[in-house]
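A.B. asks: Any chance you could fold what I've pasted below:
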Amino acid sequence: MLLARHQTEFAAPDYDLAATLDSGQAFRWIRVGESWESVISGRWVTLRQEGETLHAGSNRSPGDWEWLRAYLRCNEDLGPIVDSFPADEAFVRALDACRGLRLLRQEPWECLASFICSSSKQIVQIRQIVSAMCARYGSVVGPADAVIHHSFPAPEVLAATSESELRECKMGYRAPYVLGSARMVAAGEIKLSGLGGLSCEEARKELMRLPGVGRKVADCVLLFAFGFQEAFPIDVWIDRGLRELYFPRRKPTRQRLANFTKSYFGPYAGYAQQYLFHYVRAIRTRENQ
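C.D. replies: Below is the predicted model:
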């Protein structure tokens, strides 16, 4: 871990930092040796895990570090969450493989813009797009010897760009969606800060007013930025996993799958989704090696 000016450590029982940061819910964490680097809310951060302790460092005054604890959700008791998961054979395997994986509580605009860029892209490609966008339009906040340096650009910054400029960040057809969404958020047509006070369905409808935001992207933002457990993003990985694990000899419609997730995975369905996603993705990665 790079020597950071400000350092702390805090207890994180039943926490798997690597699984959490590399599970496809956030795209700006980079592994450097035994540590991880990113920029959170404009602050460069480095993290390292030793047993049930997380060691954190930053180059700027961190205050009480509560913002990082809230982001990592390390104060959350995982026991009641995993106890609520279904006990079928398939999910027990997923839980055994991913125990300690946590949901992050991300900044809404970064989460939204990143998942707009995720359409039809693999995780490595999403990371490249987000990295290019931050390098071009973000502010330098990391130390000179850090791997990651830039903050995520604010909606007002991206709203002032053009579609052609955003396409230079490898966005392709997603560029007008990012630009249009940035302009709506910057103009106050969509108030991201107020979505957490709405019901999940109301917040989803608001998000889906934005260009390029369908049900899957909206549910990712609802789950990873606002913590709505009713949100169960169904992408290619989850669709395939649900069909193979729970409907092996049938061909359910996407609506049938959505109805199944609502009734089957319990009060922490969003958490269950992330365990399934990480598990199925890990299986496919091993099969393709």
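A.B. asks: switch to C-alpha atoms for all contacts and neighbour counts from now on
C.D. replies: Will do.
A.B. asks: How about the contacts made by the closest residue to L276 other than its chain neighbours?
C.D. replies: Of all residues not flanking L276 in the chain, A94 sits nearest, at 6.1 Å (C-alpha to C-alpha, 6 or more residues apart in numbering). The neighbours of A94, taking C-alpha atoms under 8 Å, 6 or more residues apart in numbering as the test, are 275-276, 279.
A.B. asks: now V147: how far from R28?
C.D. replies: The spacing between V147 and R28, counted by C-alpha to C-alpha, to the nearest Å, is 11 Å.
A.B. asks: more crowded one of the two?
C.D. replies: Legend: neighbour count by other C-alpha atoms under 10 Å for V147 and R28, higher for R28 (22 against 14).
A.B. asks: give the contact list for that one.
C.D. replies: Contacts for R28 (C-alpha under 8 Å, 6+ apart) come out as 38-39, 127, 130-131.
A.B. asks: same question, V39
C.D. replies: Applying C-alpha under 8 Å, 6+ apart, we find V39 in contact with 28, 45, 141-142, 148-152.
A.B. asks: Would you confirm that it belongs to a strand?
C.D. replies: Yes. Looking at V39 with DSSP: H, G, I helix; E, B strand; the rest coil, it is inside a strand.
A.B. asks: what sits opposite it in the beta ladder?
C.D. replies: On the basis of DSSP bridges, V39 is bridged to W44.
A.B. asks: how is this protein carved up into domains?
C.D. replies: If you go by automatic domain parsing, the domain ranges for the chain are 6-74, 78-103+232-289, 108-224.
A.B. asks: What is the end-to-end distance of the longest one?
C.D. replies: Using C-alpha to C-alpha, the span of domain 108-224 from its first residue to its last is 8 Å.
A.B. asks: Does V178 belong to a helix, a strand or coil?
C.D. replies: Under three-state DSSP, V178 comes out as helix.
A.B. asks: now, which of the contacts of R28 sits nearest Y264?
C.D. replies: Distance to Y264 across the contacts of R28 (C-alpha to C-alpha) is lowest for R127, with 32.1 Å.
A.B. asks: And the strands in the chain, which stretches?
C.D. replies: Listed in chain order, the strands of the chain (DSSP state E) span 6-11, 30-32, 35-40, 43-50, 53-58.
A.B. asks: Rebuild the ones you listed as CSV, extending it with mean pLDDT and distance to P211.
C.D. replies: Listed next are the strands of the chain as CSV, based on pLDDT from 0 to 100; distance: least, C-alpha to C-alpha, whole Å:
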stretch, mean pLDDT, distance to P211
strand 6-11, 92, 40
strand 30-32, 94, 29
strand 35-40, 96, 25
strand 43-50, 95, 29
strand 53-58, 95, 35
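A.B. asks: Can you say which of the ones you listed is nearest to G227?
C.D. replies: With C-alpha to C-alpha, the closest approach to G227 among the strands of the chain belongs to strand 35-40: 17.3 Å.
A.B. asks: what angle separates the closest one from strand 53-58?
C.D. replies: 50 degrees (axes from the mean of the first three to the mean of the last three C-alpha atoms, to 10 degrees).
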